[in-house]
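**Q** would you be able to build a 3D model of this:
(chains A and B)
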Amino acid sequence: MTDTSSSGTQPEASVSTGTKSTDKQTADAAVAAEARRRATRRGIIWLFTGVAVIWLFAIGVDTSISSTFDLSTTTDLTLTVPSAATVWVLGGVIVALGVLQIVRPLGASGYLSVLVVILAVMAFLTWAGRDQAFSLVGMLQSTVTRATPLALGALAGVLCERSGVVNIAIEGMMLFSAFLAAFAASASGSLWVGMAVGVFGGAALAWGHAGLSVTYKVDQIISGTAINFFATGITAYLAASVLTSNPQLNRSGTFDNWSLPLLGDIPFIGEFLFDNNIYVYTMYVLLPLVTWMLFRSRWGLRVRSVGEHPRAADTVGINVLRTRYHSVILGGMAAGLAGSFLPLGSVGSFQEDMTAGRGFIALAVMIFGRWNPVGALGAALLFGFAESLNSKLAILGTPIPSEFLLMAPYVVTLFVVAGFGGRARPPAADGQPYETN
Amino acid sequence: MKVELRGITKRFPGVTANEDVDLSVSSGEVLALLGENGAGKSTLMNVLYGLYHAEEGEILLDGEPVTFESPADALAAGIGMVHQHFMLVPVFTVNENLMLGNEVTRGPLGKLDFEASRERIVELSRRYNLAVDPDALVENLPVGVQQRAEILKALYRDADLLILDEPTAVLTPSEVTELEGIISALAEAGKAIILITHKLGEVMRVASRIAVLRRGRVVGETRPEDTDEQHLAEMMVGHAVKLVVDKTEAAPAEVVLSVDGLSVRDDRGFVAVDDLDFEVRSGEILAIAGVQGNGQTELVESLCGLRTPLTGVVTLDGADVTGAPPGDLFRLGLGHVPEDRQNDGLVGPFPVADNMVLNTFNWEGFASGPVRDRDAVHDNATRLSEEFDVRTPSVDTPAGTLSGGNQQKVIVAREFTHAQRLLIAAQPTRGLDVGSIQYIHARIVAIRDAGAAVLVVSAELDEVLALADRVAVMSEGRFVGMLEGDRIDRNTIGLLMAGHATEEAR
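**A** Below is the predicted model of the structure:
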C-alpha cells in the first residue's frame, strides 16, 4: 500500500458534481423556513390564548365589580383590583406578545411561553375571585406544602436515574416509609424518631431495588413494580391488623411550623415561603445542595459517569455496581423523607394508600425538571400550584370542572416528555443493567 | 518499563480466545498486534488491562509477576488503553472525562478542582503535541479529536504502556497520518506502545516489531524490514490470499437511479445531505467514499425509503420514488445492505431462514394470503445458504448467533437476489475477515456484470479502490469530487475525504 499523504505528488481531481453556491442556501432556507413557521405557530397560540382570556374572563363582567386578594392570614393586607379592567390588561399583554411574535419572532420564546401561562392564570384568578375575597396567600401556602413531597420524591428519582437505575418504586417507598414514620413517631412519641425510621424504611426498600436490578439485573421496571405492590400490600395489611385495633399507634401529630427570623417577617412572601415546617426547609436546602454535588463534586462526577457510560467509568477504575448501590439507596432515603412528610408534615396519621400516586407524579416532576434537582423543585412548585388552584376553585364554585385544571400539569408533562420545547435527555445508560466481565 | 505476557490462555464458554500466548514490549517500542477480527487481539489486551482474567499464564512487569483484578490495578501499574469504542462520556467536557477517576478535589464536599486538571491537560497537550480544548463537550468534537482526548486520558494517568485498539478505524486518511506521527513521538518519548490492528499498511509504517495472532495463538513475530504486506496477510489468514478483486472494465448502460437536488436532515434536524445531484447507470459501480458521519447514512436511508427527504427528486428507472416506502422500492428491484447489520439488517433471534425472506415473506411464493409457506421459505434458505456459502449449523439457527461474516452473507444472500435493478450497499464489509471481504467484493462485481446499478458507500479506501468504476467523495453532505477511470487514486481520494476543497487538491 502506498503512503496516503505523500506531499510530493500533487493529485488531480476532476469534478463533475460540485460546488454550486446556491446549494447550501436552499437547504438552509428550508430549515430557516421551518423554524420561522414554528415561531409563527407559537405566536398564533399566544394570540388565541389572549383572545380567549379576554372573551372568557372579561366580557360580560360588570365593570363595577372588583376582585380582592388576601395577601396575609394574620393581618388585613389585601389587594383589590377592578376585575374586568385587570383581565383586559393581562389579556391585552398576551395578545400583544402574540402579535409581536407573529410579525417578528422574539427570542427566548420558551420563557415567554411560561410568562403567557402565568399571565393567563392571573387573569383567570382575577375572574374567579370577582366580587369576593380570594386568599392568594393561602393558595401559595398550600402550593409549597403540596410541592414538598413531590420535590423530595423527584430528588429520589434524580439520584437513582443519574446513576443509571430507573426507579418507578418511589411510590412504594414513600408509602412504606409513611407507614413506618407514623408508627414509629406514635410509638416513641418523637417526630424525629418517626422521620428517621421513615428515611430508613425508604432506604431498606431501595436496597432491595438495588439488589434486584443492579446485582441480579432484573428488569428495573419489574423490580420497581414488585416493590410498589409489596408496599401497598404490607401497609394495607399492617394498617388493618395493627393500627385499627391500636389507634394510639397512629397518632403521630405533625411538626410545627417555624417562622424563620427576619425572612419570616417579610409581608406576604415570608408568610408562604418562610413560615413552614422542617420538611419545607429541608427541601430548600437539599435540592440545591444535591444539584451542586452532582455537577461540582467528585461524588457527582462519578455518579453521572456511571449513569451515562458505565463502561467508561469502569475502565478508569470506578466501581459501577457499588456506585449504583449507593445512589439507589440515597435515593431511597430521599423517598423515605418524602413519604414521612405525609403523616409527620401534613396529615398527622397514616392512612391507607395515602401517597395516592404522588410517587408517580414525582417521576413526572423529575422529567419536567430534566433530571436536575433544582429543576425538579421548580416543576414541583408548578404541580403543587395546579393542585392547590384546583382545590381552591372547588370552594369558589367556578363552572369549569376542576378535573380539567388538575389535568393541566400532566398535559404539560406529556408535551415535555414528547420533546416539545427542547428535548429532555435522560442519562444515556438509564435503565440498562451493567454487565461486568 | 518492560511488560511480558507468558503463556496466557483465556477461554470463554465454548471458545478458546487465547491459547498459550507469549508477548513482550518495552519502553520506546511500538509492537503491532496483527490479526483478523476474532483472532483474539482485543481479548488478549483486555486481559492485560484487567478487564478479563486469564485462566492460565502470568503477566510480568519489569520481571515481577503482577495480577490485575480490574482496570484500576492496570492503571495504577502504568498501563493505559485507548479503546476502539471510545471510553469517553459524551455529555462531559474533555476536562471532566480526563479527571474522572483521578479527580483533584478541595474541601470536605469533594469540590472538583477544574483549574488544576485543566493546567495539567494543557501541559500534556503541549508536551505531546495533542491539541484538545479541555472545556469542549466531547459529543461536539470530531472523532479524531476525541481520540486525542483518549490518548491524553491515558497520559494524564501517567501511563507508560499505551494499548491502542484499532485506533485508525474511524479516522480520515490525514488523521491517520497524524496519529502515526503521534505514535512515533510517544515511542520516542519513552512510552511502550501496543498497536492492535488488521491494517497491513499501518503496521509496515509505524511498528518496530510485529506479532501476528491467528485463532488465539501467536503464529509469528517479525519486523517490518524483514517482511512485506503480502507475507503478513498470509500469516494473518493462514493461506494464500489475493489482495485485489478481478474486475473487467465497466460497461455503463441506461440510467437506473437518478438523484436531483436531494437534501436530507439527520436526527438532530441538521442538513446532513445537501442538495446532491447524481446518477448511477446499469452496469456500473459508483462508490461514495468519505469519513463516516458526512451524510452517507442519511443519503442511503433516504434512497431506501427509511428517511423522508427535505427537498429533491429521486427516480428509479424513470419512476419518481421520492419518499416511497421500502416495500415499494423492493418490488421495483432494489437491494439494500444496511450499514448497521445487527440492528437494521437482521432480526437476531429469528432463524436464518426467516431472515432470508424478511422483506419478501408475504410475497407470492412464500405465502398465500395470510398463511406462510414454511417449506418454500426453508427451501429458499437452503438454496441461498449453499449459493452464498453461509456457514450455519442449519437454516433454523438464530441469525444472531452466527459470526459477523456469516451474518453479512445472510443479508447479502437476501438482498442480492432481488437487487435486479439497483443495489445499495453501505459499508458492506465492515468488520469482516479477509476471506469474507473478498467473497462479498466478487459478488458485488458479479451483480454489476448482471446489469444492475450499484451504489457502494464505504469509509474504507481499499474497498473503494477495489470496487469503484466511479468515485464520489462525500464531505459535509456534499460531493467534493467525482473521480473516474485512472483519476481514481488513493492520494486524491484521501485529500478529498479530509475535506480539502477540490481546488486545494489540484
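**Q** which parts of the stretch 351-500 of chain B are strands?
**A** B:367-368, B:371-372, B:422-426, B:453-458, B:470-475, B:478-484 (DSSP state E, counting those that start in this stretch).
**Q** for the third one, packing partners?
**A** Helices and strands touching strand B:422-426, by 3 or more Cβ pairs under 8 Å, 6 or more residues apart in numbering or on different chains; DSSP states H and E, are helix B:296-303, strand B:334-337, helix B:404-418, helix B:434-449, strand B:453-458. C-beta: built from backbone N, CA, C; applies to glycine.
**Q** if we can go back for a sec, turn the strands of the stretch 351-500 of chain B into CSV, columns for mean neighbour count and mean pLDDT.
**A** CSV is the format used below for those (neighbours: other Cβ atoms under 10 Å in any protein chain shown; pLDDT from 0 to 100):
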stretch, mean neighbour count, mean pLDDT
strand B:367-368, 14, 90
strand B:371-372, 11, 91
strand B:422-426, 27, 95
strand B:453-458, 26, 94
strand B:470-475, 25, 92
strand B:478-484, 22, 91
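**Q** columns distance to B:L164 on top of these, output as JSON lines?
**A** What follows is the strands of the stretch 351-500 of chain B, written out as JSON lines (distance: least, Cβ to Cβ, whole Å):
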{"stretch": "strand B:367-368", "distance to B:L164": "51"}
{"stretch": "strand B:371-372", "distance to B:L164": "49"}
{"stretch": "strand B:422-426", "distance to B:L164": "27"}
{"stretch": "strand B:453-458", "distance to B:L164": "23"}
{"stretch": "strand B:470-475", "distance to B:L164": "26"}
{"stretch": "strand B:478-484", "distance to B:L164": "29"}
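**Q** residue of the stretch 151-300 of chain A closest to chain B, please.
**A** A:R298 (4.0 Å; Cβ to the nearest Cβ).
**Q** so how far is B:R106 from that residue?
**A** 10 Å (Cβ to Cβ, to the nearest Å).
**Q** low-confidence stretches in the stretch 401-506 of chain B?
**A** B:499-506 (pLDDT under 70).
**Q** ok, 50 please
**A** Scanning the stretch 401-506 of chain B with the threshold set as pLDDT under 50 gives B:501-506.
**Q** in it, which residue sits nearest chain A?
**A** B:T492 (3.8 Å).
**Q** that residue: neighbour count?
**A** When neighbours are defined as other Cβ atoms under 10 Å in any protein chain shown, B:T492 has 24 of them.
**Q** from B:G293, how far out is it?
**A** Taking Cβ to Cβ, one finds B:T492 at 21 Å from B:G293.
**Q** let me see the confidence value for the spatially most central residue of chain A.
**A** By Cα atoms, centre = their mean, chain A has its centre lying nearest to A:V365, at 2.5 Å. Confidence at A:V365, expressed as pLDDT, is 89.
**Q** so which strand or helix has the nearest residue to it once chain neighbours are set aside?
**A** With Cβ to Cβ, 6 or more residues apart in numbering or on different chains as the criterion, A:V365 has its nearest non-adjacent residue at 4.0 Å, and that residue is A:A154. Assigned by DSSP states H and E, A:A154 belongs to helix A:136-162.
**Q** chain center to stretch B:174-191: distance?
**A** 21 Å (Cα atoms, centre = their mean, to the nearest Å).
**Q** now do stretch B:97-114
**A** 35 Å.
**Q** again, but for stretch B:185-193
**A** In terms of Cα atoms, centre = their mean, the centre of stretch B:185-193 is set 26 Å apart from its chain centre.
**Q** list of residues touching that stretch?
**A** B:1-3, B:25-31, B:128-129, B:151, B:159-164, B:183, B:208 (Cβ atoms under 8 Å, 6 or more residues apart in numbering or on different chains).
**Q** narrow the residues you listed to those in helices?
**A** B:128, B:151, B:183 (DSSP state H).
**Q** residue contacts, the last one?
**A** In other words, B:I183. By Cβ under 8 Å, 6+ apart, the residues touching B:I183 are B:30, B:164, B:193, B:195, B:206.
**Q** narrow these to those that are buried.
**A** Buried residues within the contacts of B:I183, counting neighbours by 16 or more other Cβ atoms under 10 Å in any protein chain shown: B:30, B:164, B:193, B:195, B:206.
**Q** give the contact list for the first one.
**A** Neighbour list for B:V30: B:183-184, B:187, B:193, B:195, B:206-209 [criterion: Cβ under 8 Å, 6+ apart].
**Q** now with 6 Å?
**A** B:V30 sits next to B:187, B:193, B:195, B:206-208 when contact means Cβ atoms under 6 Å, 6 or more residues apart in numbering or on different chains.
**Q** chain A: which of these is nearest?
**A** B:V206 (12.1 Å).
**Q** and stretch A:40-48, what's buried?
**A** A:42-43, A:46-47.
**Q** of these, which is the nearest to A:F255?
**A** A:W46 (42.9 Å; Cβ to Cβ).
**Q** just confirm that closest one is within a helix.
**A** Yes - counting by DSSP: H, G, I helix; E, B strand; the rest coil, one finds A:W46 located in a helix.
**Q** in the stretch 201-350 of chain A, which spans are helices?
**A** Remark: helices assigned in the stretch 201-350 of chain A by DSSP state H, counting those that start in this stretch are A:220-238, A:269-273, A:278-296, A:298-308, A:310-315, A:320-341.
**Q** could you give the angle of the last one to helix A:220-238?
**A** Orientation check (axes from the mean of the first three to the mean of the last three Cα atoms, to 10 degrees): helix A:320-341 against helix A:220-238 gives 40 degrees.
**Q** helix A:136-162 and the helix or strand just after helix A:320-341, what's the angle between them?
**A** Using DSSP H and E, the helix or strand that follows helix A:320-341 in sequence is helix A:358-368. Computed by the same axes, to 10 degrees, the angle separating helix A:358-368 from helix A:136-162 equals 80 degrees.
**Q** quick one: contacts for B:L137?
**A** B:T93.
**Q** at 7 Å what do you get?
**A** B:L137 makes contact with B:91, B:93, according to Cβ atoms under 7 Å, 6 or more residues apart in numbering or on different chains.
**Q** hmm, back to that, just name the closest of the contacts of B:V30 to B:D267, please.
**A** B:L195 (33.8 Å).
**Q** beta partners of that closest one?
**A** Legend: beta-bridge partners of B:L195 under DSSP bridges are B:A32, B:L164.
**Q** B:D165 is in contact with that one, correct?
**A** No - counting by Cβ atoms under 7 Å, B:D165 is not a contact partner of B:L195; they are 8.8 Å apart.
**Q** just to revisit the earlier point, need the helices and strands packed on strand B:422-426 in JSON lines (columns: distance to A:L56).
**A** Shown next, in JSON lines, are the helices and strands packed on strand B:422-426 (distance: least, Cβ to Cβ, whole Å):
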{"stretch": "helix B:296-303", "distance to A:L56": "47"}
{"stretch": "strand B:334-337", "distance to A:L56": "55"}
{"stretch": "helix B:404-418", "distance to A:L56": "60"}
{"stretch": "helix B:434-449", "distance to A:L56": "67"}
{"stretch": "strand B:453-458", "distance to A:L56": "57"}
